[in-house]
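In: Compute the structure for the input listed below.
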Amino acid sequence: MNRLLLALLSLLPLTAQSLDLDNGRPAPGWSVTITDFEGEAKLDADRVTVPKPANPRVPNSHVAARRGDDGALTLQFSNSWIAQARWQGGAPLNLEPYLREGTVEFDLNVVDLAHGGLKFALGCGKDCERKVPFLFAGRELIGKGRRHIAFALKCFWRDGDDFGAVPAPFALQATGSGEVRIAHLRFNRKGHATTACPDYRTQSVTPEPLQEAWAVDWWLPRHEAKLAEIKAHRDAGRNVDLVFVGDSITQGWEKEGQAAWARHFAKYNAVALGFGGDRTENLLWRLQNGELAGMSPKVVVTLIGTNNTGERLEDPALTVAGIRRNLDEIRQRQPQAKVLLLALLPRDEKPDGALRRHNARINALLPALADGRQVFFLDVGPALTNPDGTLSKGILPDWLHLSEQGYDIWARSLESTLTPWLAPQAHR
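Out: Got it, this is the predicted structure:
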């Protein structure tokens with residue numbers, strides 16, 4: 001009995017220091033599920049292809065996975081909105097002892113990622129997931145064979161997260177087209193990180209281009225095109241009196257909102273500096289790289305932050321810090337302009353939706369950023385919602401982006417505020 005007890009005790013240090021999640025096959029009790037935007041399939045055998053629904057929204061996408069003889073898992077994806085290899089199904093893991101000095105480590109072979117993107121995600125309790133982007137770093141590894149990757153577990157942790165019972169401890173998330181292999185996935189209680197990650201506490205205020213595979217081919221060219229648009233106004237002797245800055249909702253003035261723009265704002269030589277997917281740090285990069293130069297607007301309308309919610313469910317105070325940093329940039333570069341700070345527009349069909357409630361917490365903090373002299377706050381959300389707080393598909397078809405009707409409502413909601421500021425006699 002004593003000899004058996006000693007033998008068992010001798011195993012404890014190894015168990016405490018390392019936790020294998022997949023070493024040629026998932027750890028006992030765990031499984032790997034392969035998903036795309038519209039379906040999923042468990043990798044029970046050597047290979048699997050995610051089946052398509054009867055009427056797919058993304059008919060050309062293809063997501064498949066296989067196990068190699070060496071135990072490595074290969075994820076192949078093409079034209080995908082999202083492709084995942086997700087480890088799940090086992091008893092929730094207690095990763096709290098690993099947080100202080102621990103790492104998540106694996107071998108990675110990026111076979112192809114020229115037209116794709118990559119992120120790594122770690123669950124943090126019920127309905128909680130944290131992601132680390134790997135687009136640019138992943139593309140640097142194309143064709144370089146197997147590389148050892150180690151992230152500090154703190155890369156995935158946010159203040160208040162509970163890592164005591166993690167039901168989905170790891171996911172490889174991809175988009176676009178590519179092929180990636182992963183092997184020897186494990187958690188080490190004490191490890192040495194080989195790969196840097198953003199600091200979540202300063203991410204919203206640290207300027208950077210948008211790091212998304214679906215945007216990387218057009219994002220910088222659009223930035224250059226916007227600089228050319230501003231220059232064309234200047235060369236023609238037209239002063240830009242009105243500027244909108246923001247994300248895809250602002251970019252939509254060029255599509256669904258085109259008619260409303262022509263009716264309400266074109267007469268002011270208005271410019272819409274909206275980029276789909278942008279978070280506060282991406283707008284900040286654009287403002288610091290010329291998008292407010294070469295013009296002297298009377299008004300700058302600002303709407304940014306809902307992608308800080310949608311992509312990483314960021315603490316509202318951190319998102320507000322990013323919005324404040326953008327306001328500071330606008331005031332510094334355009335001190336003569338009045339700045340209209342808009343509340344984040346409603347999202348999720350119902351008022352009790354998680355993202356709606358999260359954005360409401362951000363909106364509650366925004367009025368404090370308005371000084372009533374140069375920066376003013378306006379919430380147009382009530383004009384876009386039904387009396388019971390729900391959203392209409394006729395106004396926000398995907399519960400986030402505006403329809404043609406939605407843009408008309410938005411434009412009319414701004415008129416009483418903007419018209420006096422944009423009058424010919426208004427002070428510059």
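
In: Run a quick neighbour tally on Lys338.
Out: 21 (other CB atoms under 10 Å). Any C-beta I mention is one placed from the backbone N, CA and C, and that applies to glycine too.

In: no, scratch that, I was asking about Ala236
Out: Neighbourhood size, Ala236 [other CB under 10 Å]: 8.

In: and the helix or strand Ser413 falls within, which residues are buried?
Out: Element membership for Ser413 (DSSP states H and E) is helix 404-422. Across helix 404-422, burial judged by 16 or more other CB atoms under 10 Å covers 405-411, 413-414, 417-418, 421-422.

In: of all these, which two lie farthest apart?
Out: Gln405 and Trp421 (25.5 Å; CB to CB).

In: Low-confidence ranges, the protein, go.
Out: Within the chain, the stretches with pLDDT under 70 are 1-16, 426-428.

In: remind me, longest strand of it?
Out: In the chain, assigned by DSSP state E, the strand with the most residues is strand 103-123.

In: buried ones in it?
Out: Residues of strand 103-123 classed as buried: 103-110, 112-113, 115-123 (neighbour count, 16+ other CB under 10 Å).

In: hey, C-alpha coordinates of stretch 298-305 in PDB?
Out: Extracted in PDB, the C-alpha atoms of stretch 298-305 (Å, rounded to 0.1, in the frame of the first residue of the first chain):
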ATOM      1  CA  LYS A 298     -17.400  72.700 -39.300                       C
ATOM      2  CA  VAL A 299     -18.600  69.400 -37.900                       C
ATOM      3  CA  VAL A 300     -17.200  65.900 -37.300                       C
ATOM      4  CA  VAL A 301     -19.800  63.200 -36.500                       C
ATOM      5  CA  THR A 302     -18.300  60.300 -34.600                       C
ATOM      6  CA  LEU A 303     -19.700  56.800 -34.200                       C
ATOM      7  CA  ILE A 304     -17.300  54.100 -33.200                       C
ATOM      8  CA  GLY A 305     -17.100  51.200 -30.700                       C
END
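
In: and the buried residues of helix 404-422 as a markdown table, adding distance to Glu229?
Out: A markdown table is the format used below for the buried residues of helix 404-422 (distance: CB to CB, whole Å):
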| residue | distance to Glu229 |
| --- | --- |
| Gln405 | 27 |
| Gly406 | 24 |
| Tyr407 | 20 |
| Asp408 | 23 |
| Ile409 | 26 |
| Trp410 | 21 |
| Ala411 | 20 |
| Ser413 | 25 |
| Leu414 | 21 |
| Thr417 | 25 |
| Leu418 | 20 |
| Trp421 | 22 |
| Leu422 | 19 |
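
In: Wasn't Leu19 part of a strand?
Out: Yes - applying DSSP: H, G, I helix; E, B strand; the rest coil, one finds Leu19 inside a strand.

In: Relative to Val166, how far out is it?
Out: Counting by CB to CB, to the nearest Å, the gap from Leu19 to Val166 is 11 Å.

In: ok, the two, which is more surrounded?
Out: A direct count of neighbours by other CB under 10 Å for Leu19 and Val166 places Val166 higher, at 23 against 20.
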